[in-house]
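In: What would the 3D arrangement of this be:
(2 chains)
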Protein chains: 2
Amino acid sequence: MAIGEFELIDRYFRPLVGSRREVVLGIGDDAALLAVPSGMQLVAALDTLVEGKHFPVGSPAHSIGHRALAVNLSDLAAMGAEPAWYLLALTLPAIEDSFVAELARGMQELAARFDMSLVGGDTTAGPLSLSVQASGFVRPGEALLRSGASPGDLLFVSGSLGEAAAGLQLEMGNVGGLIGDGGSSAALLRQRFLYPTPRVALGKALRGLASACIDVSDGLVADAGKLAASSGCAIRIETQQLSISAALEAVLGTERALQLLLSGGDDYELCFTLPAARLAELPTRLLGANCPVACIGVVENGSGVTVCTRGKPVDIARSGFDHFRSQG
Amino acid sequence: MAIGEFELIDRYFRPLVGSRREVVLGIGDDAALLAVPSGMQLVAALDTLVEGKHFPVGSPAHSIGHRALAVNLSDLAAMGAEPAWYLLALTLPAIEDSFVAELARGMQELAARFDMSLVGGDTTAGPLSLSVQASGFVRPGEALLRSGASPGDLLFVSGSLGEAAAGLQLEMGNVGGLIGDGGSSAALLRQRFLYPTPRVALGKALRGLASACIDVSDGLVADAGKLAASSGCAIRIETQQLSISAALEAVLGTERALQLLLSGGDDYELCFTLPAARLAELPTRLLGANCPVACIGVVENGSGVTVCTRGKPVDIARSGFDHFRSQG
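Out: Model prediction:
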């Protein structure tokens, strides 16, 4: 069933405004009106998902809605921010009632976990894409930046890297050389692509402790490289310290699994550094974060990222993810 | 010349961050870090322009950049906000150095007029579109809303309506029945489409005076209708009080000019209401606003918009602009 633009907003998006006290005025005027809590700084992220680029044509609308918000929440998480509200720019080829309903549901289910309000945006006709602008709060001086790492710091990463990239390949049917049975392991990998978990609790737990932080959206080596460049340091990653997920290894085998772990995008885990002297504080901080973290390397003098196996540098076939150069 | 995503950001967008004191951290981390001035509320708008929908294929990049920011500034203006910063989600089919350079220049020239900082965003590959999320400030209680009009209020509009819609038709070559010579008048109309002027100073001048306000992006009748609906009132517009621009009349003739004036989009003027008892305050307020305003109707009990000529209702062939139903 096709409906009009204003009916679409009323039916599917106005209910997502919710009742956060910072939202003075949500959807329905020329702009939203918001009250940033006294003494807090605003953290603002804006990320776009384009069909055929960031998700395969024909992806479930529920997953598209989830991911559009999740990639922005991941940016807030990487800053250590408390999520608050978001705006949505939705471009649709045509209004399909059921598609929009599912998209809004996927977005709202994730938003509800963080008590986030949809406060405004725009809907227009065109090739399917979503831009979400998400905002959150931090106290002055508490934001996690990419630029604070120093030589001697330890490098950590959360969760299981590479799984989402493998899930995307499975979603796209690009699974030449599939080793596993494509059963439960494949299902888990697909789920990791379709429903990434932004590490908001972890980001908040790291405030005042991590020296630098970035989210892993473009691949571990690429994103660790951005952190290193921002901090004016080098990073060395030890492959022995990387834990390859059982599902990833079952489906792709060790070698391809390791490659995706190092260079696959879409994981939305956090990569962060910690002064070695403060290592003892980490376990307590992680109690509420609800996700595993592993120490995978060190920060050194110099520049760039070196990946080593037993101390010897190894070559990384594909070190990054450039949105204009590679199909994600 | 084709360049990479990160070089693109460094070369063309990082210089647009500027030096507003509210920008704690601009482009270059996972998200921007911003300080809203104490005692101010945040006003947040998000609007998208899609090629072939909001501007013709082949539009000048300089104009595209200008318009992407202008339509959002117009939303801030309609709220009476002081512009502060913006984020840009830019989707491009390919990176053409000169195209991006011109787009950034068009955006920056407008931003500089309001000392606005570009603080972040996203660039990705896909069909050409731009989503800008612009933010500004108002003091609590000072925002102009759509919902404050009361029966008896007077209805005003700024500038010359219909010119941008005619300019778009000229840009697209849809000028059957062209009356004028297509010379200076046509050039003016095209300019009005390509370079709309957001009425920021007017919006600020109306704070604490206008009872309601909306920007005219979808057409006067359609947008006055939204203001009426939000306020729970009816609006009557008198065609005798509408001033048809000389350029519009020269190019299209009186009848088509009037139709575009009532229903053409893309003008980005402000439509506002004023309690009759406060009419005497308006001239002083307008001194700094630098644009003409005209009283074109009244707010009444009831609902909807009626357009009258000498008190008698006239039929409006096309009352609005639905992004999913009509080619803008």
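
In: Helices of the stretch 151-300 of chain A, residue ranges please.
Out: Using DSSP state H, counting those that start in this stretch, the helices of the stretch 151-300 of chain A run over residues A:163-171, A:184-194, A:200-205, A:220-231, A:246-263, A:282-286.

In: So for B:Cys213, which of those sits nearest?
Out: helix A:200-205 (36.8 Å; CB to CB). Quick note: C-beta positions are derived from backbone N, CA and C, even for glycine.

In: Can you mark which positions in the closest one are buried?
Out: Along helix A:200-205, these residues count as buried under the neighbour rule (16 or more other CB atoms under 10 Å in any protein chain shown): A:200-205.

In: what helices or strands is that helix leaning on?
Out: If contacts are counted by 3 or more CB pairs under 8 Å, 6 or more residues apart in numbering or on different chains; DSSP states H and E, helix A:200-205 sits against helix A:61-78, helix A:282-286.

In: Any chance of those in TSV with distance to chain B, mean neighbour count and mean pLDDT as columns?
Out: Shown next, in TSV, are those (distance: least, CB to the nearest CB, whole Å; neighbours: other CB atoms under 10 Å in any protein chain shown; pLDDT from 0 to 100):
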stretch	distance to chain B	mean neighbour count	mean pLDDT
helix A:61-78	4	26	98
helix A:282-286	19	15	94
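
In: near chain B, which residues of the stretch 101-250 of chain A show up?
Out: When proximity is defined as CB under 8 Å from any CB of the partner chain, the stretch 101-250 of chain A approaches chain B at A:119-127, A:129, A:131, A:133, A:135, A:138, A:140, A:143, A:145-147, A:213-215, A:230.

In: Okay, and which of those residues map to helices?
Out: Counting by DSSP state H, these place A:Ser230 in helices.

In: Give me the buried entries from the residues of the stretch 101-250 of chain A next to chain B.
Out: Buried among those (16+ other CB under 10 Å): A:119-127, A:129, A:131, A:133, A:135, A:138, A:143, A:145-146, A:213-215, A:230.

In: where are the low-confidence patches of the stretch 101-250 of chain A?
Out: A:175-182 (pLDDT under 70).

In: Can you show me the strands along it?
Out: Here the stretch 101-250 of chain A has its strands, by DSSP state E, counting those that start in this stretch, at A:117-125, A:129-138, A:154-158, A:212-216, A:234-238.

In: what does the third one contact?
Out: It refers to strand A:154-158. A:199, A:202, A:216, A:220, A:224, A:235, A:237, A:269-276, A:279, A:289, A:291-299 (CB atoms under 8 Å, 6 or more residues apart in numbering or on different chains).

In: List only buried entries from the residues you listed.
Out: A:199, A:202, A:216, A:220, A:224, A:235, A:237, A:269-275, A:289, A:293, A:296-299.

In: What score does A:Val17 have for pLDDT?
Out: Note on A:Val17: pLDDT of 86.

In: quick one: contacts for it?
Out: A:23, A:26-27, A:117-119.

In: Looking at these, which one is closest to A:Gly106?
Out: Of all the contacts of A:Val17, A:Gly106 sits closest to A:Leu118, with 12.7 Å by CB to CB.

In: Now do the same contact list for the closest one.
Out: A:13, A:16-18, A:26-27, A:85-88, A:107-108, A:111.

In: Please render those as a markdown table that adds distance to B:Glu51 and secondary structure to the earlier fields.
Out: Below are the contacts of A:Leu118 laid out as a markdown table (distance: CB to CB, whole Å; DSSP: H, G, I helix; E, B strand; the rest coil):
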| residue | distance to B:Glu51 | secondary structure |
| --- | --- | --- |
| A:Phe13 | 24 | helix |
| A:Leu16 | 28 | helix |
| A:Val17 | 30 | helix |
| A:Gly18 | 34 | coil |
| A:Gly26 | 29 | coil |
| A:Ile27 | 26 | strand |
| A:Trp85 | 29 | strand |
| A:Tyr86 | 25 | strand |
| A:Leu87 | 22 | strand |
| A:Leu88 | 20 | strand |
| A:Met107 | 26 | helix |
| A:Gln108 | 30 | helix |
| A:Ala111 | 30 | helix |
